[in-house]
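> just to be clear, the model below is a prediction. Sequence and coordinates:
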Protein chains: 2
Amino acid sequence: MISVSDALENVLALCAPLPTETVPLRAAHGRVLARDALARRDQPPFAASAMDGYALRSADCAPGASFAVVGESAAGHGFDGTVGTGQTVRIFTGAPVPAGADRVVIQEDVTRAGDRITLSAPIGDNTNIRPAGGDFRAGDRLEAPRRLTPRDVVLLAAMNLPEVEVYRRPEVALIATGDELVMPGEEPGPSQIIASNTFGLAAMVEAAGGVARVLPIAPDDEPLLRQSFALAGGADLIVTIGGASVGDHDLVGKVAADLGLARAFYKVAMRPGKPLMAGRMGGSVMLGLPGNPVSSMVTAQVFMLPALAAMQGLPPAPPVPQSAPLLEDVAANGPRTHYMRAIREAGGIRPFASQDSSLVSILSRADALILRPPHDPARRRGEPVDYLAI
Amino acid sequence: MISVSDALENVLALCAPLPTETVPLRAAHGRVLARDALARRDQPPFAASAMDGYALRSADCAPGASFAVVGESAAGHGFDGTVGTGQTVRIFTGAPVPAGADRVVIQEDVTRAGDRITLSAPIGDNTNIRPAGGDFRAGDRLEAPRRLTPRDVVLLAAMNLPEVEVYRRPEVALIATGDELVMPGEEPGPSQIIASNTFGLAAMVEAAGGVARVLPIAPDDEPLLRQSFALAGGADLIVTIGGASVGDHDLVGKVAADLGLARAFYKVAMRPGKPLMAGRMGGSVMLGLPGNPVSSMVTAQVFMLPALAAMQGLPPAPPVPQSAPLLEDVAANGPRTHYMRAIREAGGIRPFASQDSSLVSILSRADALILRPPHDPARRRGEPVDYLAI
């Protein structure tokens, strides 16, 4: 058995960034920027008014001074002339500040009568002008790699970039294996259960920026399992579920080896999730996850998500645990890293009483995994523990 | 001006849950469950082995006892007979425990010779059996409403539910207004800028479970603005951007009123985001957001996201702020709630020096909004402040 961190290092060593592609801005959210995006213009492109008011010269602003309104500058329609001494231009938020003016007095601070305004309040320190290029300048960049947020998309649009270069979405083939499995909606036989992991893993893949290809269930039969691997051809990542333990009926390792799997490791010292396989198979990375639903979802969290991030060009980033006080005592941990299913509550984090890796009802209620290092001693209610939000 | 909480209450009062629809499980992730999902079977459906080993009778388990191996129970293929005294059945993880057996001894604790095994270790307290229905029973439920996580999808699959009833996705029409705007990739005139908010808002809508319909830019022209509202027909939510201030060129309020807008409020005491409008217009809820990119994204966070959640049947849930120590002093706040753009760092949260609502470069770098209540006093570096992660 190898440690979680060694195993993760092995998995990441298998994963190279995928080729890039250009997508329209409308499709850029959640994708990973592959090349620095360079602004095509200054923002604002001109000195712009920050308020609705009147543009004029600061030097003219004696208390009670009055000005002739000689024009208007609205958003989209600037004033072409120059503001002279004793003159002003009606101006609206976002509109270009006309030549000659160096200040906008807000409309609440003037009285207007016909084509004249009079200052009715002290003008203060703020010019109410946003300088040209005050936000960014042409050539300023949004740096890659970076998973694009809605706020980044706003910036890219403002830079006048209608499309951006991003890493291709990893394509992930999911193969659930085992004679005991039927698809949801089918009628299981007396020894059978429903294939559930695949659906949760597909959702995780998609939330992580990948494309999930759910393959038909592979029975415990060598030729049929080979067929499933053939259907997975071209995938960037092949994820098998189940059949990777040492039981006499676990064929995945054998068939994958026959098909050329260069195995990076076999077992990881973690709980849940002991049976786990990783390696390279032709052009694909292969991850063999355990069949227990909880084990497969936790191992996917710990290994599959970082693999997908690496394929999307993101640098390795160890998960940053949060910390909260325990709301229950926990026993000493054994030799494996334990990811305890838990729920966050006011004042702390509560591990579930049963940590059996088959309990999907508890998995569904959990929103965090408490991290217990190998040989972590017993801990009492109130002690802080590290956890990952899931 | 009304307070943020009063305004939010008004917005939520405008929003009713949308009709429901049935979707396949593969499309259920991120949707809001509309009706309790009831398990169609027990899980596990039979007492199942938790380990690879040998099923036998506890009563027979004297130290060093030996057993005749009379059959095998594998996942998907149970053993049809009964395990008698002195007998055992080879069993694999997840396989049905045969009749007669009440314990599984793990394979590491026996020695096998031909068709006999001998106990080589004390058997301990754990039967290594997962009882039938130990995870959930037929009729057990996943309660609605609830936004479905990947882990919920696993549970629904295990319940043998191939499809679920969810609230329809809210359809959101986005109308950016203003003569100053051109679309990214177009060549702006000398007084023009790029429409950027729409793209960020569309990404927010989609991340919140909605469907975004980005309409063409509406110039500052009554007939053309009417046309845009016509194109928004049938949307559950119409979001306008810009044109909702009191400037002479802000037509949105006028045209919306002509079209029957029953206005709930006009201005909210918040920063950024003062100009803001909400109401009902025919079958649609209408939100008028300010034109500044930062203001529009912040007001969308505070009002649009809760509106979309309400339309998807989720109960009103006030945002739960997190807390972190300030890494910079901040000045006293004025009469409006201030959402300060900030970035989380090791040891605390750092507000950006400039809080000008036009700066999209800073918006892109921010990952949190520090919450300053009205008249919050000046605060020093090190004091804890509440913030919302964005």
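Here it is on my side, so go on. Keep in mind that what you see is a predicted model, and the values were worked out from it rather than measured.
> does the residue in the stretch 251-390 of chain A positioned nearest to chain B count as helix, strand or coil?
Residue nearest to chain B within the stretch 251-390 of chain A: A:Ser364 (4.0 Å; C-beta to the nearest C-beta). Where you see a C-beta, it was placed from the backbone N, CA and C, and this is true even at glycine. Assigned with DSSP: H, G, I helix; E, B strand; the rest coil, A:Ser364 falls in the helix class.
> next up, the contacts around it.
By C-beta atoms under 8 Å, 6 or more residues apart in numbering or on different chains, the contact list for A:Ser364 reads B:Leu142, B:Thr149, B:Arg151, B:Asp152, B:Val154, B:Leu155.
> out of those residues, which touch chain A?
Filtering these for neighbours of chain A using C-beta under 8 Å from any C-beta of the partner chain leaves B:Leu142, B:Thr149, B:Arg151, B:Asp152, B:Val154, B:Leu155.
> look up how far B:Ile129 lies from the last one.
Distance check for B:Leu155 against B:Ile129: by C-beta to C-beta, to the nearest Å, it reads 22 Å.
> more neighbours, those two?
Higher neighbour count among B:Leu155 and B:Ile129: B:Leu155, with 29 against 20, using other C-beta atoms under 10 Å in any protein chain shown.
> let me see the backbone angles for A:Arg151.
Here is the backbone geometry of A:Arg151 (degrees, to the nearest 10): phi -70, psi -40.
> that one touches B:Ser296, doesn't it?
No: in this structure, A:Arg151 is not within contact of B:Ser296 by C-beta atoms under 8 Å, at 11.1 Å.
> mind checking how far A:Ile362 is from A:Ala203?
For A:Ile362 relative to A:Ala203 (C-beta to C-beta), the value is 18 Å.
> okay, now the nearest residue to A:Ala101 once chain neighbours are set aside: neighbour count?
The shortest distance from A:Ala101 to any non-neighbouring residue, by C-beta to C-beta, 6 or more residues apart in numbering or on different chains, is to A:Ala55 (3.8 Å). Neighbourhood size, A:Ala55 [other C-beta under 10 Å]: 31.
> ok, now which ones touch A:Ala55?
Counting by C-beta under 8 Å, 6+ apart, A:Ala55 has contacts A:Ser49, A:Ser73, A:Phe79, A:Val83, A:Thr88, A:Val89, A:Ile91, A:Val97, A:Pro98, A:Ala101, A:Arg103, A:Val104.
> wouldn't the fourth one be in contact with A:Asp102 here?
No: with contact defined as C-beta under 8 Å, A:Val83 and A:Asp102 do not form a contacting pair (9.0 Å).
> those two: which is more packed in?
A direct count of neighbours by other C-beta under 10 Å for A:Val83 and A:Asp102 places A:Val83 higher, at 25 against 14.
> which residues does the more buried one contact?
A:Ala55, A:Leu56, A:Arg57, A:Val70, A:Val89, A:Pro98, A:Ala99, A:Gly100, A:Ala101.
> just the buried residues of the residues you listed.
Buried members of these, scored by 16 or more other C-beta atoms under 10 Å in any protein chain shown, are A:Ala55, A:Leu56, A:Arg57, A:Val70, A:Val89, A:Pro98, A:Gly100, A:Ala101.
> reformat these as TSV; add secondary structure and pLDDT.
Below are these laid out as TSV (DSSP: H, G, I helix; E, B strand; the rest coil; pLDDT from 0 to 100):
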residue	secondary structure	pLDDT
A:Ala55	strand	97
A:Leu56	strand	97
A:Arg57	coil	97
A:Val70	strand	98
A:Val89	strand	98
A:Pro98	coil	98
A:Gly100	coil	97
A:Ala101	coil	97
